[in-house]
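**Student:** structure here, sequence nowhere to be found:
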């Protein structure tokens, strides 16, 4: 589904169902060098079980026109403009990694627009190493390889997975390559810089009043659970769920566990 936001075309995946603003709405926000497809299982389930779904392609990513936005605050403003364009007064926000910072900023700056907040694979501050920033600027494929090694707890899905033997690492690697081919130059560096430079997370967290879930991968090396200590302190009512046998790309490695946690949280009164 296409919207016109800030005079640019923006694409949102609706989970295979017609958009109906009368239903409770959930907005899914992807992380760096990604698009809406990282949420494919979760969004389809939500859409077919009573929720209006908008899984965004952020500007410069996937099917949304560029340029890419250069700050978390700018992404947050874009998300609020999306809610306005869709006619949604209040929505649950689910964000992964970079998207979690945008969701956090939105819940802090416009608490009346956010019904619930789920921060997936999150951390604050979300600092990026100089080596990774340099690789993203000068050797993008190397940066993609580095991130995918660090983001997964295994190279392929185990027999207990819905897709045993499927290479979740290679699937994520190919998505990032496609985003790089279709997106603006140095997109990965822009996204990493956005995460690295965000400095208002503590202030935003202190203003979050809605129910909040921190959904973290047990083996996440990119945003380890210990890096959420400030968020847990600032959002005292936040609940933490650790997904076993999952790294930073927990939606791909443990899709059912992530779905169960998110859908259960969405349905809580």
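**Tutor:** Structure received. Remember, predicted model here, so these are calculated numbers, not experimental data. Numbers count the residues shown, from 1 in each chain.

**Student:** the spatially most central residue of the chain pairs with what?
**Tutor:** Centroid check for the chain by C-alpha atoms, centre = their mean gives residue 96 as the closest residue, at 2.4 Å. Legend: beta-bridge partners of residue 96 under DSSP bridges are residue 120.

**Student:** what ranges do the helices span in the stretch 1-150 of the chain?
**Tutor:** Taking DSSP state H, counting those that start in this stretch, the helices of the stretch 1-150 of the chain run over residues 40-47, 72-86, 98-109, 130-138, 140-151.

**Student:** deepest of those, which one?
**Tutor:** Of all these, helix 98-109 has the most neighbours on average by mean count of other C-beta atoms under 10 Å, namely a mean of 27. All C-beta atoms are positioned from the backbone trio N, CA, C, and that covers glycine.

**Student:** any idea of the mean pLDDT for it?
**Tutor:** Average pLDDT, helix 98-109: 98.

**Student:** likewise stretch 145-155?
**Tutor:** Stretch 145-155 carries an average pLDDT of 85.

**Student:** numbering from 45 from now on, please.
**Tutor:** Understood, numbering begins at 45; the last thing we discussed is stretch 189-199.

**Student:** and for it, what are the contacting residues?
**Tutor:** For stretch 189-199, the surrounding residues in contact (C-beta atoms under 8 Å, 6 or more residues apart in numbering) are 76-77, 176, 179, 211-213, 216-217, 220, 261-266, 289-293, 296-297.

**Student:** show the buried residues in those residues.
**Tutor:** Among these, the ones that count as buried by 16 or more other C-beta atoms under 10 Å are 76-77, 176, 179, 212-213, 216-217, 220, 261, 263-264, 266, 289-293, 296-297.

**Student:** before we move on, the earlier item: got CSV for the helices of the stretch 45-194 of the chain, with distance to residue 103 too?
**Tutor:** CSV is the format used below for the helices of the stretch 45-194 of the chain (distance: least, C-beta to C-beta, whole Å):
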stretch, distance to residue 103
helix 84-91, 19
helix 116-130, 7
helix 142-153, 12
helix 174-182, 18
helix 184-195, 19
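
**Student:** could you tell me the end-to-end distance of stretch 273-288?
**Tutor:** 19 Å (C-alpha to C-alpha, to the nearest Å).

**Student:** now do it: everything it contacts.
**Tutor:** 148, 163, 166-169, 245-246, 249-250, 252, 255-262, 269, 272, 294, 298, 301-302, 305, 309.
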